[in-house]
Every structure is written in C-alpha cells, then in structure tokens.
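Novice: can't give you the sequence, but here's the structure:
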C-alpha cells in the first residue's frame, strides 16, 4: 500500500479505536453502564476503606476526572470550532472517536474511586451528584448513536444544513454533558472543602 493511500485512509476514515464496543447494541451498552453505576453506589454502602485506600481513591478520582473531563472539553471545543466554521465535521467526529475511550476510562475510574471515598448517602447533595453522573453515562451511551449519524453525513456539511432533529440531539447532548460535568465537579469540590 502506498504512503499516499495510507495517509488518505488516516485522514478520511473514521477512528474506531474500540470497534467491538461500538458494535454492542445500545441496550446492552446502557445496561452495562447502569449496572456499573449501581455497583458503585452499592459498594459505597458496604465498603469501609482504610485511610490509605481513601488517599489512593482520592488520587484516582482526581486523575480520572482530569482524563474524562479534559477529553470532553476538547471534543466540545472542536464542536464549537465547527459551529464557527473553523473545523470540518469529519475532523470533529474523528477526534471524538479517538478520545471517546478516554472519557469512558475516566468515568470508570470515577465510579470505582467514588465508591471508596465514603460518600454521605444520606445527603441530598450527594444523591444530586450521583444522579448527575448517571445522566452523564446515559447521555454518553445515547451520544454514540448521534455520533454515528454525524459521521454518515457528507464531509462538506455546515451546521446550518444539519437536519433539525439531529441538530436538536447534538444541542441536548452537549447541554446535558456540560450541566452534568460542571454540576458534579462543583458538588465534589464543595463537598471536599466542607469535609476537610
């Protein structure tokens, strides 16, 4: 295969870094996330971590947050650049496909470490954060379908030419993502400050 053909494939083909996961049905992916979230909440009620484990969990929690939220910010920033006509849709969908695993790895780390941080499950604020994380996961699973629809569009499409339903899906997914991430982060930091 010639160097030009390899370069053309890299530039024009979508990134499917974890193709096996994207081939799972939407229902199965949704079920997997719901079970992971429920296990995290259940583990928080029965596990009593030592102080050393809590320190490690705190480090993992912060690193997972940086990985997941950092990837989300990059994807959303590229989306804004596309809306401003500074990036092509194909470039944005390739980037989203490339960093999507980072978002899920970070979210998995947050679920695992969050269970070991002894959250106060009697607090409505804690439950608000937990439901924001649940909404983020559901939104992420649903967004995979929207991302596929965007990848199937012509390369030259501009934001104004998006079908109304698809445009609404993109805007709702972006809004849920931003509210969920910023809300959960704010609650997490405020809770950490109050408990220290």
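Specialist: Sure, I can see it. Everything quoted here is computed from the prediction, not taken from an experiment.
Novice: going by C-alpha atoms from here, please, whenever you check contacts or count neighbours.
Specialist: Noted.
Novice: what's the burial count for residue 107?
Specialist: A count of nearby residues for residue 107, using other CA atoms under 10 Å, gives 23.
Novice: mind checking what secondary structure the residue nearest the centre of the chain has?
Specialist: Centroid-nearest residue in the chain, with CA atoms, centre = their mean: residue 103, separated by 4.3 Å. Three-state assignment for residue 103 (DSSP: H, G, I helix; E, B strand; the rest coil): helix.
Novice: show me what the host helix or strand of residue 73 packs onto, helices and strands only.
Specialist: If you go by DSSP states H and E, residue 73 is part of helix 51-83. Counting contacts by 3 or more CA pairs under 8 Å, 6 or more residues apart in numbering; DSSP states H and E, helix 51-83 packs against helix 89-115.
Novice: relative to helix 51-83, how tilted is the helix it packs on?
Specialist: Here the directions of helix 89-115 and helix 51-83 differ by 160 degrees (axes from the mean of the first three to the mean of the last three CA atoms, to 10 degrees).
Novice: flag the shaky bits of the chain, pLDDT-wise.
Specialist: 1-22 (pLDDT under 70).
Novice: how deep is residue 153 tucked in, by neighbour count?
Specialist: Residues lying near residue 153 (other CA under 10 Å) number 12.
Novice: kind regards, and thank you for your time.
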